[in-house]
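# coords please:
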Amino acid sequence: MEGVVYKKLPKSQASFAVTVSIEELAQAERGALKRLAENLAVKGFRKGKAPEDIVRQHVGDAGVLEEASRGVIEKKYIEILKAHEIKPLGHPNIEVKKIAPGNPLEFTITTATHPVFALADYTAIAQKLAKDLMKPVIVEEQEIQDALEWLQRSRKKEVLVVRPAQKGDKVEVNFETRQAGVKIEGGESRNHPLTIGDNKFVSGFEEQLIGMQAGEEKKFSITVPKDYAKENLRGKVLDFTVTMNAVYAVELPALDDAFAQAVGKFENMEAITMNIKEGLQKEKTETQKEEYHKKLAEEIATRSGIEIGDLAVAQEADNMIHEFKHNVEAHGFDFDTYCMNIKKTRDDLLKDFTKQAEMRLAVMFALAAIAEKESIVPSEEEVEERFQQVARQRALEGRAVENSELLRRNVFGMLQNEKVFERITNPTTQ
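Numbering: from 1, shown residues only. Prediction:
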């Protein structure tokens, strides 16, 4: 193309140095004036009917030139993509080098492109990884027992008692925490509930409550362990003032047939135990399968030599930060406070997500290439059914579907990937 210098860059990127002639820019300015006039209200003229010279007076030469350059850059970008048969990945980086009245417009466009690669032997990779990762799933007796105890505790009764607190009791306390005589931030609470023995406080705190009765006050000091979550308190001596407000004995139901029948439609303990075992088996099998699929996709992408441009990786990493922020806030946390608690800045998160973003994009292209090669396309009925399922689930979670078309595309991709994994891990189902 005239006025365009193309340069192929490493890692599936391309750059274009573009020069727009004075004549072409002047034509673009005339188009810009018409666009600006359409939305400009000038006294004495109907909206959109002011003459061009009047519009220019109101907007200024710089404003007209800016609008013209914006339009011509967008037009040139589309023309360049078509002329060079480029599929862009993400948004381009555009840098204006020269813009001045009566001069050519000069700018550069850098864009990530769809990578070109040769698919690795994904069937062979799938078979090898399956031998390494897909092991028989075993549910240990202790896992079943832990699940039963969780069910048992979920149906506990708390009875107010008049006696000294002991391990296993639920208590409510007022407490104040000082360090070197100064009250620490967040170190005070009233009617705070806790169960002695759950070890959810600083080590040694709950043990000090044993033997206290309602109405009793106690002062004690604890040296904070060196592995404590709050780094600024590690190794410090904390002074506590605690008032016991109430003591509750925790009564657990017996693990017998009556318990099984109360939990659900189970005839006896043998039936509920079998149900728990089957549930754990299914959960562990699904977890193993998901891990296998993740490593399989990453191995195929890596072995296929898929390179993703830095520009696209940076944009994807930024998208991942927005997703992460949304998930944090969806759980009721303030994002900035959460970052402070985990001692991470946005730049820290960006570094963490950059490598993941590169792999996520590479995996996307690898799976899409397999789908194309294997002619895997979900049917409209399958997409609609899954779309409705996802929409109903979001409604239950209080999340409206703001962009149904985007959700449908995501559902299509999800179904297609599922079918890809099914095809390459079970080639006999073709």
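
# what is the mean pLDDT for stretch 23-35?
What stretch 23-35 shows for mean pLDDT is 86.

# same check, this time on stretch 308-328
For stretch 308-328, mean pLDDT rounds to 92.

# ok, and what's touching it?
When contacts are defined by C-beta atoms under 8 Å, 6 or more residues apart in numbering, stretch 308-328 is touched by residues 9, 11-13, 89-93, 110-113, 115, 335, 338, 346, 349-350, 353-354, 356-358, 360-362, 365. All C-beta spots, glycine's among them, are computed from the backbone N, C-alpha and C.

# So which of those residues are in helices?
The helices, defined by DSSP state H, take in 335, 338, 346, 349-350, 353-354, 356-358, 360-362, 365 from these.

# about what we covered before: return the members of the contacts of stretch 308-328 classed as buried.
Using 16 or more other C-beta atoms under 10 Å as the burial test, these include 12-13, 89-90, 92, 110-113, 115, 349-350, 353-354, 357-358, 360-362, 365 as buried.

# Okay, helices next: where are they in the stretch 201-350 of the chain?
205-209, 257-263, 269-303, 310-330, 335-341, 346-373 (DSSP state H, counting those that start in this stretch).

# and the longest one, what does it pack onto?
Right, the one you point to is helix 269-303. With contacts taken as 3 or more C-beta pairs under 8 Å, 6 or more residues apart in numbering; DSSP states H and E, helix 269-303 sits against helix 122-133, helix 141-154, helix 257-263, helix 346-373, helix 404-425.

# And those: which comes nearest Ile276?
helix 141-154 (4.8 Å; C-beta to C-beta).

# coming back round to it: let me have the ones in helices among the contacts of stretch 308-328 in JSON lines, extended by distance to Thr425 and pLDDT.
JSON lines is the format used below for the ones in helices among the contacts of stretch 308-328 (distance: C-beta to C-beta, whole Å; pLDDT from 0 to 100):
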{"residue": "Phe335", "distance to Thr425": "38", "pLDDT": "88"}
{"residue": "Tyr338", "distance to Thr425": "37", "pLDDT": "85"}
{"residue": "Arg346", "distance to Thr425": "38", "pLDDT": "84"}
{"residue": "Leu349", "distance to Thr425": "33", "pLDDT": "88"}
{"residue": "Leu350", "distance to Thr425": "34", "pLDDT": "88"}
{"residue": "Phe353", "distance to Thr425": "28", "pLDDT": "93"}
{"residue": "Thr354", "distance to Thr425": "30", "pLDDT": "93"}
{"residue": "Gln356", "distance to Thr425": "23", "pLDDT": "94"}
{"residue": "Ala357", "distance to Thr425": "26", "pLDDT": "95"}
{"residue": "Glu358", "distance to Thr425": "25", "pLDDT": "95"}
{"residue": "Arg360", "distance to Thr425": "20", "pLDDT": "95"}
{"residue": "Leu361", "distance to Thr425": "23", "pLDDT": "96"}
{"residue": "Ala362", "distance to Thr425": "19", "pLDDT": "96"}
{"residue": "Phe365", "distance to Thr425": "19", "pLDDT": "96"}
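
# Which element, helix or strand, includes His192?
strand 182-195 (DSSP states H and E).

# And for that strand, what's in contact with it?
So strand 182-195 is contacted by 168-178, 200-201, 206, 233, 238, 245, 250 (C-beta under 8 Å, 6+ apart).

# Could you do stretch 60-73 as well?
18, 20, 24-25, 28-29, 31-33, 35-36, 55-56, 59, 94, 96, 99, 101, 105, 107, 109.

# in that stretch, what's buried?
Buried, per 16+ other C-beta under 10 Å, within stretch 60-73: 64-65, 67-69, 72-73.

# So which of the residues you listed sit within helices?
64-65, 67-69, 72-73.

# Mind picking the lowest-pLDDT entry from those residues?
Val64 (83).

# and the spatially closest residue to Ile86 that is not a sequence neighbour, bridged to which residues?
Once flanking residues are discounted, Ile86 sits nearest to Thr113: 5.4 Å by C-beta to C-beta, 6 or more residues apart in numbering. When assigned by DSSP bridges, Thr113 has beta-bridge partners Pro88.

# can I assume Thr113 is in contact with His84?
No. Between Thr113 and His84 there is no contact under C-beta atoms under 8 Å: 9.3 Å.

# what residues are shared contacts of those two?
Common neighbours of Thr113 and His84 (C-beta under 8 Å, 6+ apart) are Ala14.

# which of the residues in stretch 198-213 are buried?
201-202, 204-206, 208-209, 212.
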